[in-house]
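>>> Only the shape, not the letters, is given here:
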C-alpha cells in the first residue's frame, strides 16, 4: 500500500503543477491585467454548469483507497495531501477543531465527486455540517448544536428564527409600556437566540430579497417588524411603537456606556472634514455611478430591454442598477479613516473594518462586470458604450485591490464563514 500511496501522491503533484501552468497561461493570454479573468469567472460562477470535483482535479475517486485499508500514518499522509490539493484549486474543507485525520480523509473522499466550480480567485468552501444534531457528521468533535439548544432554553417561550419583535413581545404576554421596553431591550440584546449573526449586516449588499441569511440578520428582522407594525396599526400606534423602540435602544446604549465607564462628555465630536470624502478612489467610483445614472436617465436600459426581452437581460440590468450607487457608498465608507493613499499602510490586520467595506464593494464590482458582460453578448450594437463601462469597472477593481490589499482576506460574519 505504501508504494501505491507514493504513486497517488505523484498524481496529486502533477495535478498541482497542471493548475499552476493553466493559471500562468491564462494570464499570458489575457495580458497583465487580471480583471478580465475576474469578469469571466464571476459570470461563469453565477451561470455556469457545475462539474464533479474529481474532473476538476483530474483524479478519479476510485483512485482513493478506502480508509479501512490504511493504517494511521498512511491515512494522516493522505488527509494532508488531499487538503493541499484542494487548496491549490481554491477549495477549502470546513472542519471543526481536532477532527482526526481518518475522519478528515473520509470526508475528503466522500466529497470527491461533488458538483463544483473552480475559480482562480476567491475560495469555495465545503461545509459538512447541516446543523441537525441527529445527523451530525462530527458528534465527538462539534458541540455547536448543543450550544444552540442551551441558548433556546433561556426563554420559557423561546423566539424562533424568523420571529419579529412583535411576535416575541406577544409570546411574553407583556402589555404595559415599561414592560414592553424591558422586553424590547432583551430582544435587542439577545438576538443571538434567534440564530442572528452579529455584524452580518455591516458587510452585505443590502439586497434582502435575494439573501439567504435574512432569518439571521437583526437589521432585516427589525425593519420587517417596523414595516408590519406600520401596516397593521394606525399612525399614533406606530409612533408609540417607534417611541418604545427608541427608549429601549437608548437604555441599552446607556448601560453599555456605564459598563465601559464612558460618559457623554468624553465622546469627541468628529472633525468638520470627517465626512468630506475627497479620496481619488471614491471620486473615480462616483464617476462610474454618474455615468450609469446618466445612461439610465437617457433611456438606454429601456432600449436594451426592448431589443431583447428575456429574463437574463432584465436580471443583468437589475444587477447593474442595484450596485451602481452601492459601490461608491461602500468605498466611501472604506475610505472614511484615511485622508490619502499614503495612510492606507497604517491600518493593521485584514479584519480592519475598512477591509470589510472594500471587500463587499469589490464583490459588487465583479457582479456588475458579469452583468455588463451578459449585456455585451446580447447587444453588440452597444458594444462601445458597454466596453467603456467594463473598462471603468476593471480599473476600479484594480485600484481598490491596490488600496486595500488585505480586503479579500476579510472574513465577513456569516457570509464568509
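On my side now, so go ahead. It should be emphasised that the depicted structure is a prediction, and the values quoted were computed from it without experimental measurement. Numbering: from 1, shown residues only.
>>> doesn't residue 284 make contact with residue 395?
Yes: Residue 395 is within contact range of residue 284, at 7.3 Å (criterion: C-beta atoms under 8 Å). All C-beta atoms are positioned from the backbone trio N, CA, C, and that covers glycine.
>>> Go over the secondary structure and confirm residue 49 is in a helix.
No: counting by DSSP: H, G, I helix; E, B strand; the rest coil, residue 49 is not part of a helix but coil.
>>> excluding its backbone neighbours, what's nearest residue 112?
For residue 112, ignoring the flanking residues on the chain, the nearest one in space by C-beta to C-beta, 6 or more residues apart in numbering is residue 61 at 4.1 Å.
>>> ok, the one you found - how many residues close by?
Burial measure for residue 61: 14 neighbouring residues, criterion other C-beta atoms under 10 Å.
>>> Next one: it from residue 5, what distance?
Distance of residue 61 to residue 5, computed by C-beta to C-beta, to the nearest Å: 16 Å.
>>> next one: residue 375
Counting by C-beta to C-beta, the gap from residue 375 to residue 5 is 51 Å.
>>> Same question for residue 81.
Computed with C-beta to C-beta, the distance linking residue 81 and residue 5 is 9 Å.
>>> Same question for residue 126.
Look at residue 126 and residue 5: by C-beta to C-beta, they are 23 Å apart.
>>> Contacts only, for the residue nearest to residue 112.
Listed by C-beta atoms under 8 Å, 6 or more residues apart in numbering, the contact partners of residue 61 are 54, 109, 112-113.
>>> how about the strands of the stretch 51-200 of the chain, start to end?
Ranges of strands within the stretch 51-200 of the chain are 51-52, 91-94, 115-116, 124-127, based on DSSP state E, counting those that start in this stretch.
>>> Now mean neighbour count too, for the ones you listed, in TSV please.
Below are the strands of the stretch 51-200 of the chain laid out as TSV (neighbours: other C-beta atoms under 10 Å):
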stretch	mean neighbour count
strand 51-52	14
strand 91-94	16
strand 115-116	15
strand 124-127	13
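>>> CSV for those strands, including mean pLDDT and distance to residue 336?
CSV is the format used below for the strands of the stretch 51-200 of the chain (pLDDT from 0 to 100; distance: least, C-beta to C-beta, whole Å):
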stretch, mean pLDDT, distance to residue 336
strand 51-52, 90, 42
strand 91-94, 87, 31
strand 115-116, 88, 38
strand 124-127, 79, 30
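>>> Leaving out sequence neighbours, find the closest residue to residue 375.
Leaving aside its sequence neighbours, residue 375 sits nearest to residue 316 (C-beta to C-beta, 6+ apart; 5.2 Å).
>>> Need the pLDDT of that neighbour.
On pLDDT, residue 316 comes in at 86.
>>> What residues does it make contact with?
Per C-beta under 8 Å, 6+ apart, neighbours of residue 316: 371-372, 374-375.
>>> swap the cut-off to 7 Å and go again
The contact partners of residue 316, by C-beta atoms under 7 Å, 6 or more residues apart in numbering, come to 371, 374-375.
>>> That one falls within a helix, correct?
Yes: the assignment for residue 316 (three-state DSSP) places it in a helix.
>>> With residue 322 as the reference, measure out to it.
Look at residue 316 and residue 322: by C-beta to C-beta, they are 11 Å apart.
>>> Same question for residue 359.
Look at residue 359 and residue 322: by C-beta to C-beta, they are 17 Å apart.
>>> who has more neighbours, these two?
Neighbour count, other C-beta under 10 Å: between residue 359 and residue 322, residue 359 has more, with 25 against 17.
>>> How confident was the prediction at the more buried one?
So, for residue 359, pLDDT stands at 92.
>>> Which positions in the helix or strand harbouring it come out as buried?
Per DSSP states H and E, residue 359 falls inside helix 353-378. For helix 353-378, a neighbour-count test (16 or more other C-beta atoms under 10 Å) marks 353-376 as buried.
>>> Which elements pack onto the helix or strand just after that helix?
Next along the chain after helix 353-378, taking DSSP H and E as the criterion, comes helix 383-403. Helices and strands touching helix 383-403, by 3 or more C-beta pairs under 7 Å, 6 or more residues apart in numbering; DSSP states H and E, are helix 35-47, helix 280-297, helix 353-378.
>>> Let me know the secondary structure of the nearest residue to residue 282 once chain neighbours are set aside.
Excluding its sequence neighbours, the residue lying closest to residue 282 (C-beta to C-beta, 6+ apart) is residue 332, at 5.0 Å. Secondary structure, three-state DSSP: residue 332 is helix.
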